[in-house]
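Participant: Requesting a structural model of the entry that follows:
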Amino acid sequence: MRNLLIRAFVAPYYKAFLGFFILIFIAFGLLMEVRQHIIIGTRILEHPLAFLTLLFMFLIYGWVQFRFHIHLIKHGAYQVFHQMALFKSSDFSSYQLVIWVYNHLLLIIYVIFLSFLSVKIGYWFQPVLLWVTLSGMASAHRIFLYYALARPLPDHGSNLLKKFTRKSYSISSVYWLIMHLKENRLWLLLACKLMVLILLKMFYYSYSTGAYDARWIHFSVLCAAFINLPIWLEKKEFERSPLKIFLNLPRPIFIKAGVHLVSTLLIIAPEIMYVIFQYPYLSNIQQLLSILLLSLSLNLGIIALINFTKEASHLSRNVTIKFFTLFLLIIFGFPVIFVSLMAIVIFIFSIRSPYVY
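Facilitator: Residues are numbered from 1 along each chain as shown. Below is the predicted model of the structure:
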């Protein structure tokens, strides 16, 4: 039962607000050190206005999560969960507590952190109030949800049909890949992005010590681009099967290049944002722009490599050769603009045919 509830109510919640949680992870996980968290937490505990603002944000988070929960149980597929209102009070509370804890895990972890910090400082009122707030949110969630489930099911099938078929919107082709990954290969996308961000975090941390030159950052961009290789392989497979019909429709090279460019930027947006946030560690704006251009061009170059590889058995060999070739170019100090232009030219050459997607 617990696994069913997690799949039904927890996974859709995190999937619906995936962008928010990724932003929180980047801003407060990768871009901040433990010392900065301690400073911010101390100021929150010391200033009443900041502390009350935090409690207000907790309430907003709980309200949004509750509204999403109510929105789910109104769907036809979720009406079976209305039977939970017939459970014993203890069973109903335990099942809903599991959902509530998983969906509020971010708040619980931060309250634990603030509790340890406040005890170390010598504050006792603030952690008690934090835990009372969380307990009140959980109790209110349980009470209001019970009354929502106990209501008779309305007969509004025709209204729902009108609601969801009122108007349809076409999705531009530049978003097809990101939508495909979100719907079918979400864990692949998240795993690759997580590995890329952790790798960049390690490279930039060592670069900030002053023991390495700009080639170290260029090498980090190279490694990050090749971590995205599974995504670009999925992209090629997506173009060969669901988009196979478009192979018979000739398209100008500039239109195809624009679609590939925007879809690639959407995929590598997390590392681009991270590099931009690391601008204070770079020497000037030219270095930042060269790193961004290198990141984009290397990913386009990998797409070109996959397009040129006709036999799947040769892919690992070609990837290895390209990686070490680029590695040597970076180590021996070849201009970044030269490496970037070379990758872009190869990419354009790989899609020159009107019948290549």
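Participant: Dump stretch 216-231 to PDB, restricted to CA.
Facilitator: Extracted C-alpha coordinates of stretch 216-231, given in PDB (Å, rounded to 0.1, in the frame of the first residue of the first chain):
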ATOM      1  CA  TRP A 216      41.300  22.900 -16.400                       C
ATOM      2  CA  ILE A 217      37.900  24.600 -16.900                       C
ATOM      3  CA  HIS A 218      37.900  23.700 -20.600                       C
ATOM      4  CA  PHE A 219      38.600  20.100 -19.700                       C
ATOM      5  CA  SER A 220      35.600  20.200 -17.300                       C
ATOM      6  CA  VAL A 221      33.400  21.400 -20.200                       C
ATOM      7  CA  LEU A 222      34.700  18.500 -22.300                       C
ATOM      8  CA  CYS A 223      33.900  15.900 -19.600                       C
ATOM      9  CA  ALA A 224      30.400  17.500 -19.000                       C
ATOM     10  CA  ALA A 225      29.600  17.300 -22.800                       C
ATOM     11  CA  PHE A 226      30.500  13.600 -22.900                       C
ATOM     12  CA  ILE A 227      28.400  12.800 -19.800                       C
ATOM     13  CA  ASN A 228      25.500  14.000 -21.900                       C
ATOM     14  CA  LEU A 229      26.200  11.200 -24.500                       C
ATOM     15  CA  PRO A 230      23.300   9.000 -23.300                       C
ATOM     16  CA  ILE A 231      20.900  11.900 -23.900                       C
END
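Participant: who's in contact with that stretch?
Facilitator: Identification of contacts with stretch 216-231 by CB atoms under 8 Å, 6 or more residues apart in numbering yields 181, 188-189, 192, 195-196, 199-200, 203-204, 206-207, 267-268, 271, 275, 282, 291, 294-295, 298-299, 301-302, 319, 323, 326-327, 330-331, 336. From N, CA and C alone the C-beta is placed, and that goes for glycine too.
Participant: Among those residues, which lie within strands?
Facilitator: Cross-referencing the contacts of stretch 216-231 against strands under DSSP state E gives no overlap.
Participant: Low-confidence regions, this structure specifically.
Facilitator: Scanning the chain with the threshold set as pLDDT under 70 gives 1-2, 19, 23, 27, 30-31, 75-87, 149-170, 242-250, 354-357.
Participant: Show me it divided up by domain.
Facilitator: 2-164, 173-350 (automatic domain parsing).
Participant: Need the winner for burial among those.
Facilitator: Ranked by mean neighbour count, these are led by domain 173-350 with a mean of 16 (mean count of other CB atoms under 10 Å).
Participant: How far does that one sit from its chain's centre?
Facilitator: 17 Å (CA atoms, centre = their mean, to the nearest Å).
Participant: quick one: the helices in the stretch 1-150 of the chain?
Facilitator: Along the stretch 1-150 of the chain, counting by DSSP state H, counting those that start in this stretch, helices occupy 2-5, 11-16, 18-25, 34-46, 48-73, 89-103, 105-121, 125-150.
Participant: for the ones you listed, which one sits closest to residue 171?
Facilitator: helix 18-25 (16.8 Å; CB to CB).
Participant: which residues touch that closest one?
Facilitator: Against helix 18-25 from outside (CB under 8 Å, 6+ apart): 14, 106, 182, 186, 193, 270.
Participant: Show me which pair in these is furthest apart.
Facilitator: The distance between the two most remote of the contacts of helix 18-25 (CB to CB) is 20.8 Å, for 106 and 182.
Participant: show me what contacts residue 142?
Facilitator: By CB under 8 Å, 6+ apart, residue 142 lies in contact with 92, 93, 96, 97, 100.
Participant: my guess is the last one meets residue 143, correct?
Facilitator: No: Residue 100 sits out of contact with residue 143 when judged by CB atoms under 8 Å, with a separation of 12.0 Å.
Participant: tell me the contacts of residue 315?
Facilitator: Contact analysis of residue 315 by CB under 8 Å, 6+ apart lists 306, 309.
Participant: repeat that for 7 Å
Facilitator: residue 309 (CB atoms under 7 Å, 6 or more residues apart in numbering).
Participant: Now do it against residue 35, distance only.
Facilitator: 44 Å (CB to CB, to the nearest Å).
Participant: Quick check: residue 99 touching residue 12?
Facilitator: No: using CB atoms under 7 Å, residue 99 is not in contact with residue 12, being 11.0 Å away.
Participant: Quick check: neighbours shared by the two?
Facilitator: Taking CB under 7 Å, 6+ apart as the criterion, residue 99 and residue 12 do not both touch any residue.
Participant: The residue lying closest to residue 295 once chain neighbours are set aside is in what secondary structure piece?
Facilitator: Counting by CB to CB, 6 or more residues apart in numbering, residue 221 is the residue found nearest to residue 295 once chain neighbours are left out, at 4.9 Å. If you go by DSSP states H and E, residue 221 is part of helix 214-227.
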